[in-house]
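A.B. asks: Everything below, folded, please.
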Amino acid sequence: MRGIFPKGGVIRILISYILLAVYLLCSLCSPALGTASAAGAAVLEGTQEAVSFCLVLTGSVCLWSGVMELLERSGAAAGLARLLQPLLRRLFPRAAGDGEILSALTENLSANLLGLGNAATPAGIRAARGMARQSGGRPSDELCTLVVLNTASLQLLPGTIASVRAAAGACSAFDILPAVWVSSLCSVAAGLLIAAVLRRLWP
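C.D. replies: Just a heads-up that it's a prediction; the model follows:
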């Protein structure tokens, strides 16, 4: 939580106390209800399943990260980036004037299209820092648009979600592709539309 809430922040302290209270309440109620053995077994079983799930998910993420690396080395990712640059120049006209920010934006959007959130996040952070530097540290319309675009995240190949489904025992991890395409396209369109409307209402 230290990475989310500032040290000594009221919210972080409040959440810590709530979690401690829940833990103590469960610890006291379990023996009183005579379910201490069942609770202990559930805790051990849950931790084992969590470790197994993380190992399976790690393997899948490594696989798709390797696919992303192959796309980059083969030049396919660069081709996708070139296709995305005209769109990014329209969405981020000021940021696109900086080659470093534009490169981070194309990398971020390309990774999101392939469903690789772990690869998209560092590029998105670099782009956001560059935009903040351009605006003198103040939030800008383009930075807000970047946040919307990353939150909605249009995806062609949901690699991370497919990995989670495979780890959970799904028979066909990619049978959600049509639903992912439609839902992500609608969410991106709605997010960008709302951002444009708010930009006009509060210039």
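A.B. asks: Have a look at the chain and report its longest helix.
C.D. replies: helix 36-74 (DSSP state H).
A.B. asks: And it, how far out from the chain middle?
C.D. replies: 17 Å (CA atoms, centre = their mean, to the nearest Å).
A.B. asks: Quote the end-to-end distance of stretch 109-125.
C.D. replies: Stretch 109-125 has an end-to-end distance of 12 Å (CA to CA, to the nearest Å).
A.B. asks: what's the distance between that stretch and the middle of its chain?
C.D. replies: 8 Å.
A.B. asks: List of residues touching that stretch?
C.D. replies: Stretch 109-125 is contacted from outside by 61, 64-65, 67-68, 71, 77, 80-81, 84, 88, 104-105, 107-108, 146, 149-150, 153-162, using CB atoms under 8 Å, 6 or more residues apart in numbering. Where C-beta positions appear, they are placed from N, C-alpha and C, glycine not excepted.
A.B. asks: how many neighbours does residue 37 have?
C.D. replies: 10 (other CB atoms under 10 Å).
A.B. asks: related to what we said a few turns ago, packing partners for the longest helix of the chain?
C.D. replies: helix 10-32, helix 76-91, helix 117-134, helix 159-167 (3 or more CB pairs under 8 Å, 6 or more residues apart in numbering; DSSP states H and E).
A.B. asks: what packs against the first one?
C.D. replies: Helix 10-32 makes packing contacts with helix 36-74 when contacts are defined by 3+ CB pairs under 8 Å, 6+ apart.
A.B. asks: same question, the last one
C.D. replies: Counting contacts by 3+ CB pairs under 8 Å, 6+ apart, helix 159-167 packs against helix 36-74.
A.B. asks: quick one: average confidence on the helix it packs on?
C.D. replies: For helix 36-74, mean pLDDT rounds to 74.
A.B. asks: quick revisit: give me the angle between the longest helix of the chain and helix 117-134.
C.D. replies: 70 degrees (axes from the mean of the first three to the mean of the last three CA atoms, to 10 degrees).
A.B. asks: Could you check the angle helix 36-74 makes with helix 10-32?
C.D. replies: Using the same axes, to 10 degrees: helix 36-74 against helix 10-32 is 140 degrees.
A.B. asks: now helix 36-74 against helix 159-167, angle please.
C.D. replies: Going by the same axes, to 10 degrees, helix 36-74 makes 140 degrees with helix 159-167.
A.B. asks: Having no further points to raise, I will conclude here.
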